[in-house]
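Trainee: Model the following, please.
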Amino acid sequence: MRYLVIGGLAVVVVGEPRTTADADAIVFTSAAEDASFWGRLQVVLDKAQARGPD
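Mentor: So this is what the prediction gives:
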């Protein structure tokens, strides 16, 4: 699966300080990976929402 990290995370990787409470990503999936990916993503989002902000 190909992916691209964008936004604040990408800026930090190149050494610029930027602290935000979010993460941005673009994910490229094939038709075969699509259903599996969205199911796994929902699990991650549910866990993040249950944990709440730091």
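Trainee: Identify the residue nearest the geometric centre of the protein.
Mentor: What sits nearest the mean C-alpha location of the chain, by Cα atoms, centre = their mean, is residue 25, with 4.7 Å.
Trainee: Is it bridged to anything, and to what?
Mentor: residue 5 (DSSP bridges).
Trainee: pLDDT score assigned to it?
Mentor: We have a pLDDT of 70 for residue 25.
Trainee: ok, now the one 10 residues further on?
Mentor: In this prediction, residue 35 carries a pLDDT score of 77.
Trainee: Can you give the distance of the helix or strand hosting it from its chain's centre?
Mentor: Here residue 35, judged by DSSP states H and E, is contained in helix 31-51. Helix 31-51 sits 10 Å away from the centroid of its parent chain (Cα atoms, centre = their mean, to the nearest Å).
Trainee: Dump the C-alpha coordinates for it into PDB.
Mentor: In PDB, the C-alpha atoms belonging to helix 31-51 read as follows (Å, rounded to 0.1, in the frame of the first residue of the first chain):
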ATOM      1  CA  ALA A  31      -9.700  -2.200  -5.200                       C
ATOM      2  CA  ALA A  32      -8.600  -5.400  -3.500                       C
ATOM      3  CA  GLU A  33      -7.200  -3.500  -0.500                       C
ATOM      4  CA  ASP A  34     -10.000  -1.000  -0.300                       C
ATOM      5  CA  ALA A  35     -12.500  -2.700   2.100                       C
ATOM      6  CA  SER A  36      -9.700  -4.100   4.300                       C
ATOM      7  CA  PHE A  37      -8.100  -0.600   4.600                       C
ATOM      8  CA  TRP A  38     -11.200   1.200   5.600                       C
ATOM      9  CA  GLY A  39     -12.000  -1.400   8.200                       C
ATOM     10  CA  ARG A  40      -8.600  -1.000   9.800                       C
ATOM     11  CA  LEU A  41      -8.700   2.700   9.600                       C
ATOM     12  CA  GLN A  42     -12.100   2.800  11.400                       C
ATOM     13  CA  VAL A  43     -10.500   0.700  14.300                       C
ATOM     14  CA  VAL A  44      -7.700   3.300  14.600                       C
ATOM     15  CA  LEU A  45     -10.100   6.200  14.500                       C
ATOM     16  CA  ASP A  46     -12.300   4.600  17.100                       C
ATOM     17  CA  LYS A  47      -9.400   4.100  19.500                       C
ATOM     18  CA  ALA A  48      -8.200   7.700  19.000                       C
ATOM     19  CA  GLN A  49     -11.600   9.000  19.700                       C
ATOM     20  CA  ALA A  50     -12.000   6.900  22.800                       C
ATOM     21  CA  ARG A  51      -8.600   8.100  24.100                       C
END
